[in-house]
Structure formats: structure tokens, C-alpha cells
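J.: Prediction below, plus the sequence it came from.
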Amino acid sequence: MATLLGDPLHAWNFAQVWTSPLSRAAETCALAGYGDVAVRRDDLMEWDYGDHEGRTSAEIRTEQPGWTLWKYGAPHGETLEQIGERADRVVTDARAVAGDVLIFSHGHFLRVLAARWVDLAPDAGRLFLLDTGSISSLGFEGAAAQPVLSCWNDTTHLRGRPTPGGPP
């Protein structure tokens, strides 16, 4: 799936490429053809799930019915405020770059990043479904440079492959 990202991403000219140091994102970055130019940034790491690391939501809900990461968080893990602060640093740094920045990261973090880009609270990330291998674009609109989600969760480059959560 990661190799299918290369063609659509190469339609852009990126001033910088950033990746999480965690293997999933770094490997995706390399398979998409950007591994040799990517800068690893700790702020792009996935949410620290603490005691819930490696557990599925369904497993956690057997002990805590109605649990969601967005509402209840992760015991001994990162708080919404902490992940929001990391996202804010990435937003600030990306806006300081002259040109587009390509980011390889992880689902929950990217959802918080999108929320913070458009000045929503970190927990608003719960509203942005994000599939593996999708392409999203954050940008600006108009003379006032209003931060916007230009494109979100695009999986058209994955033609012939089922989209997680979508029709088979």
C-alpha cells in the first residue's frame, strides 16, 4: 500500500519531508520514495497509549464499556493536552516553511494535527476519520489565509484495494 503513495505525492514539490521515527511511518515514507530526504521528528510520533498500548478498543471496552480514547484517554499515557501541544509545535514549524511540507505520521496524531491546524481543540480530532495510506492536505484559503482542510482521507490512489471501513 505504501508504494502506491509515491505516484500521487510526486505530483507535488515539497520544500521539506518530515516523518515520525516510529517504524510504520518511517517505512511508509521510504516506500513512497522519500526516505532519503526525510527528517525524523519526535513530535510526529503516535499518541502514547500508556497502559492501553497494544490493546484494541474492543478489548478495552470489555473492562470499561463506552470507552473511547478521545473521551477517556489512556492511563499512564499521553493526555489530549500533551498531544495537542506536540501538534501545535508541528503546525508552527510547518507554517514557517516556505513551501509545502510532506508529513508521514500516525492516525490519531494526524487527526489531532488537523484539528489544531484549523484552530479546533485537540479532541476535535475524533471527527476526522483517517484511513491507512490515505492522503490529506492542510492549506489556506483566501487573502486572509484561513487555515483549511484542503483534502481529507483521499484513498483514490489505492484503486482496487478495499478501503478500511468502506465497502468491500
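T.: Thanks, I have it.
J.: Please, where are all the helices along the protein?
T.: Along the chain, the segments classed as helices by DSSP state H run 6-9, 23-31, 57-63, 69-72, 80-95, 107-117.
J.: so which of those is the most packed in?
T.: Stretch with highest mean neighbour count among the helices of the chain: helix 107-117 (a mean of 23; mean count of other CB atoms under 10 Å). All C-beta atoms are positioned from the backbone trio N, CA, C, and that covers glycine.
J.: now it and helix 80-95, what's the angle there?
T.: Calculated by axes from the mean of the first three to the mean of the last three CA atoms, to 10 degrees, helix 107-117 forms an angle of 70 degrees with helix 80-95.
J.: quick check: angle from helix 107-117 to helix 23-31?
T.: Using the same axes, to 10 degrees, helix 107-117 lies at 80 degrees relative to helix 23-31.
J.: Can you spell out which helices and strands pack onto helix 107-117?
T.: Secondary-structure packing of helix 107-117 (3 or more CB pairs under 8 Å, 6 or more residues apart in numbering; DSSP states H and E): helix 80-95, strand 135-141, strand 146-154.
J.: do you know how far the nearest residue in space to H76 that is not next to it in sequence is from L149?
T.: Spatially, and ignoring its direct neighbours in sequence, H76 is nearest to G50 (3.8 Å; CB to CB, 6 or more residues apart in numbering). Using CB to CB, to the nearest Å, we find G50 at a distance of 29 Å from L149.
J.: give the contact list for L69.
T.: W47, Y49, H52, S57, H108 (CB atoms under 8 Å, 6 or more residues apart in numbering).
J.: rewinding a little: burial count for the residue nearest to H76?
T.: Counted by other CB atoms under 10 Å, the residues lying close to G50 total 13.
J.: pLDDT score assigned to it?
T.: pLDDT recorded at G50 is 93.
J.: For R89, state which of the contacts of L69 is nearest.
T.: Among the contacts of L69, W47 lies closest to R89 (CB to CB), at 15.0 Å.
J.: And the residue nearest the centre of the chain, how far from R61?
T.: The residue lying closest to the centre of the chain (CA atoms, centre = their mean) is L110, at 2.1 Å. In this view, L110 and R61 are 23 Å apart by CB to CB.
J.: Can you give me the distance of the residue sitting furthest away from the middle of the chain to W18?
T.: Note on the chain: the largest separation between a C-alpha and the mean C-alpha position, by CA atoms, centre = their mean, falls on E63 (28.0 Å). As judged by CB to CB, E63 and W18 stand 36 Å apart.
J.: Then D7?
T.: Per CB to CB, D7 is found 20 Å from W18.
J.: now do R86
T.: Separation of R86 from W18 (CB to CB): 13 Å.
J.: Cool, thanks, signing off.
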